[in-house]
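Engineer: Compute the structure for the input listed below.
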Amino acid sequence: SGYQRPKVNWYPGHIAKAERQLSETLKSVDVVIEVRDARAPKATAHPSVGKWTAGRPRVVVMTRMDTVTAASRESWRRAYEELGADRWEEKLGGDEKNRNAQMRKERTKYNDDGEQDSRTNLDGGIEEVLFVDAKRGQGTHSISRAVYRAGRHVNERRRRRGLNDRSLRVGIIGFPNVGKSALINRLLGRKRARTANTPGVTRSLQWIRVATDKTSTGASGSSSGNSRGSGQRPKKGFELLDSPGIIPSDMLDQTDALLLAACNSIGVGAYDNQAVAAYLCDRIQNLVLMGKESIAAPQWRDRCLE
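Structural biologist: The predicted model follows:
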């Protein structure tokens with residue numbers, strides 16, 4: 001019957017434990033940052049995230065933008081706009097859809113000018129899709145602005161009730177080794193979360209505070225309107241929930257599993273590295289035959305000749 005690649009599957013105990021805790025802990029956060037790898041956007045999109053984060057605005061951050069071409073980034077950006085960034089997630093049930101609808105209603109109620117949300121794919125709660133390079137800092141400033149935009153209704157509601165502002169609670173989730181810890185360190189401006197080019201470095205949930213003394217901004221990113229005095233209020237910063245990488249317990253799509261292995265998002269003991277290398281070469285060859293070489297692998301020919 002010919003050669004059959006060994007099945008790739010990796011689900012260590014610390015991930016199983018973190019996944020159980022995460023689904024409950026996310027209920028206490030105001031905004032969710034979902035981190036994906038720009039080299040494998042589909043493979044690093046967890047199918048259950050939409051259900052876990054229902055009722056919470058979500059910002060999708062694509063890391064390692066420096067490793068993919070500008071044409072590839074633009075292609076994925078258009079795909080997300082047309083198909084939705086939750087294209088590969090499990091379908092939401094009635095309860096999850098109701099929580100997302102309630103979130104949109106609540107946010108519209110507490111928007112400064114009552115404006116309607118017009119960002120990407122609100123059925124899934126996804127606000128924006130950002131491409132960043134966490135190691136060099138490119139694009140990371142837009143993450144803080146996106147978080148404040150997504151969560152501004154929280155403190156607006158508190159002000160109308162006569163309460164002081166509080167720090168936004170932000171959960172960061174994603175597959176192993178997609179750059180979550182590097183992103184946190186960049187947002188903090190210092191090294192706090194341990195990083196390494198290997199999956200499974202972060203093994204437990206932990207809260208990390210991000211302080212700031214900047215003024216609040218409106219939906220466009222500019223300073224908020226002159227509603228009280230100058231209209232500018234000191235931001236309270238936000239608290240980040242760092243979490244271990246999460247991965248499906250059974251990877252039904254072995255194409256995604258092989259890509260995850262190639263991107264070092266799976267423990268090396270879970271796959272045959274020669275089989276993964278052979279798959280990657282086949283995939284790149286097919287991209288070249290399809291005429292997609294300039295988008296996906298422009299240096300492939302030169303590297304083969306070296």
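Engineer: got any ranges where the protein has weak pLDDT?
Structural biologist: 1-4, 11-12, 14, 111-124, 191-204, 211-236 (pLDDT under 70).
Engineer: The longest helix anywhere in the chain packs against which elements?
Structural biologist: Ranked by number of residues, the top helix in the chain under DSSP state H is helix 141-160. For helix 141-160, the elements it packs on are strand 31-37, strand 58-63, helix 94-110, strand 126-131, strand 168-174, helix 180-188, judged by 3 or more C-beta pairs under 8 Å, 6 or more residues apart in numbering; DSSP states H and E. Heads up, the C-betas are built off the backbone N, CA and C, glycines and all.
Engineer: Can you lay out these as CSV showing mean neighbour count and distance to Gly267?
Structural biologist: Formatted as CSV, the helices and strands packed on helix 141-160 follow (neighbours: other C-beta atoms under 10 Å; distance: least, C-beta to C-beta, whole Å):
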stretch, mean neighbour count, distance to Gly267
strand 31-37, 25, 16
strand 58-63, 26, 20
helix 94-110, 15, 31
strand 126-131, 22, 27
strand 168-174, 24, 16
helix 180-188, 22, 17
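Engineer: Of these, which is nearest Ala45?
Structural biologist: Among those, strand 31-37 comes nearest to Ala45, with 5.9 Å by C-beta to C-beta.
Engineer: Please name the strands paired to that closest one in the sheet, noting orientation.
Structural biologist: The strands beside strand 31-37 in its sheet (DSSP bridges) come out as strand 58-63 (parallel), strand 168-174 (parallel).
Engineer: which residues are contacting the longest one?
Structural biologist: Just to be clear, that refers to strand 168-174. 22, 25-26, 28-36, 44, 46, 49, 52-53, 56, 147-148, 151, 154-155, 180, 183-184, 236-243, 245-246 (C-beta atoms under 8 Å, 6 or more residues apart in numbering).
Engineer: For burial, what's the neighbour tally of Thr255?
Structural biologist: 13 (other C-beta atoms under 10 Å).
Engineer: One more: Arg73?
Structural biologist: There are 16 residues near Arg73, going by other C-beta under 10 Å.
Engineer: What residues does Val261 make contact with?
Structural biologist: Quick fix: residue 261 reads Ala, not Val. 8, 270-271, 273, 276.
Engineer: Please apply the same query to Arg159.
Structural biologist: Per C-beta under 8 Å, 6+ apart, neighbours of Arg159: Asp165.
Engineer: one step back: now the strands paired with strand 31-37 in JSON lines, please, with extra columns for distance to Arg73.
Structural biologist: Shown next, in JSON lines, are the strands paired with strand 31-37 (distance: least, C-beta to C-beta, whole Å):
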{"stretch": "strand 58-63", "distance to Arg73": "8"}
{"stretch": "strand 168-174", "distance to Arg73": "18"}
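Engineer: and of those strands, who's closest to Val132?
Structural biologist: Nearest of these (C-beta to C-beta): strand 58-63, 5.9 Å.
Engineer: and the angle for the closest one with helix 180-188?
Structural biologist: Here the directions of strand 58-63 and helix 180-188 differ by 100 degrees (axes from the mean of the first three to the mean of the last three C-alpha atoms, to 10 degrees).
Engineer: okay, the helices and strands packed on helix 141-160 in JSON lines with distance to Ile295 next?
Structural biologist: Formatted as JSON lines, the helices and strands packed on helix 141-160 follow (distance: least, C-beta to C-beta, whole Å):
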{"stretch": "strand 31-37", "distance to Ile295": "17"}
{"stretch": "strand 58-63", "distance to Ile295": "16"}
{"stretch": "helix 94-110", "distance to Ile295": "33"}
{"stretch": "strand 126-131", "distance to Ile295": "15"}
{"stretch": "strand 168-174", "distance to Ile295": "24"}
{"stretch": "helix 180-188", "distance to Ile295": "25"}
